[in-house]
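Asker: kindly generate the corresponding structure for this input.
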Amino acid sequence: MNVPNRQIRARYAEESIIVYQAYAAAIAEPALAAQRFVPPFKRERMTWIKPSFLWMMYRCGYAAKPGQERVLAISLSREGFAWALAHSCPSHDDRRPDWGARLRRSPVRIQWDPERGPRHEALPYRSIQVGLSGEAVRRYVEEWTLGIEDVTDLAREVRAALTRGDDVSPLLPAERPYPLSADIMETIGAE
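Answerer: Numbers count the residues shown, from 1 in each chain. Reported below is the predicted structural model:
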């Protein structure tokens, strides 16, 4: 399979994209009830969203790591996701002019980390993590979030299937390359 090194792959529809986050029940339960993030979720902290289900599973250990026992699939407006990407800056120096100044003024950070397979093995291409702060977190909470689904049971089902040695590919969310404008591709360093 010939996958570009830096490409966003996600579940998406005409108006929305699914991103993942993992939290303790104290944050997940109120968010699920309100269908948006509410206290004790802290808007003052950077919050990282991930379009890759398997990268989220790597990060949260299939919902087994402390403080990450609940995995949420957040449906975001594609318009909001585009705003976040357009107003982003890479976390690490991209060797473009004024990186430091761009980093200080940007409410969004981009990181490209090795994509992961079902057993957390590093794959030969990258997956995007999008860090939201300041204005981006406000927009995420108040404007962009269309709905929140608890996918913890799916995470545990995949982990149990792996333990049995089963093929988990039928259980995994179907992710496909996400379309981006040339400007946004340049901003985030996508290929």
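Asker: could I get the CA-only coordinates of the strand ranked longest in the chain as CSV?
Answerer: Ranked by number of residues, the top strand in the chain under DSSP state E is strand 122-132. What follows is strand 122-132 as a C-alpha-only set of coordinates in CSV (Å, rounded to 0.1, in the frame of the first residue of the first chain):
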residue,chain,number,x,y,z
ALA,A,122,4.8,2.0,14.1
LEU,A,123,3.8,2.2,10.5
PRO,A,124,6.0,3.8,7.8
TYR,A,125,3.8,6.9,7.5
ARG,A,126,2.5,9.6,9.8
SER,A,127,-0.7,10.5,11.5
ILE,A,128,-1.8,14.0,12.4
GLN,A,129,-2.5,15.3,16.0
VAL,A,130,-4.1,18.7,16.2
GLY,A,131,-3.6,20.7,19.5
LEU,A,132,-6.3,23.3,20.2
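Asker: for this structure, which spans come out with low pLDDT?
Answerer: Along the chain, segments meeting pLDDT under 70 span 1.
Asker: can you give me the strands in it?
Answerer: Under DSSP E, the chain gives strands at 9-10, 16-23, 47-49, 70-77, 88-90, 108-116, 122-132, 145-150, 176-177.
Asker: what's the closest of those strands to residue 40?
Answerer: Of all these, strand 16-23 sits nearest to residue 40, with 9.7 Å by Cβ to Cβ. For glycine as for every other residue, the C-beta is placed from the backbone atoms N, C-alpha and C.
Asker: report the distance from the closest one to the chain centre.
Answerer: Centroid separation for strand 16-23 versus its chain: 5 Å, with Cα atoms, centre = their mean, to the nearest Å.
Asker: re earlier: dump the strands of the chain into TSV; add distance to residue 170 as well.
Answerer: TSV is the format used below for the strands of the chain (distance: least, Cβ to Cβ, whole Å):
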stretch	distance to residue 170
strand 9-10	18
strand 16-23	18
strand 47-49	26
strand 70-77	18
strand 88-90	34
strand 108-116	18
strand 122-132	19
strand 145-150	19
strand 176-177	16
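Asker: counting contacts, what elements does the longest strand of the chain pack onto?
Answerer: strand 47-49, helix 53-60, helix 78-86, strand 108-116 (3 or more Cβ pairs under 8 Å, 6 or more residues apart in numbering; DSSP states H and E).
Asker: could you tell me the angle between it and helix 78-86?
Answerer: 100 degrees (axes from the mean of the first three to the mean of the last three Cα atoms, to 10 degrees).
Asker: fine, thanks again, bye for now.
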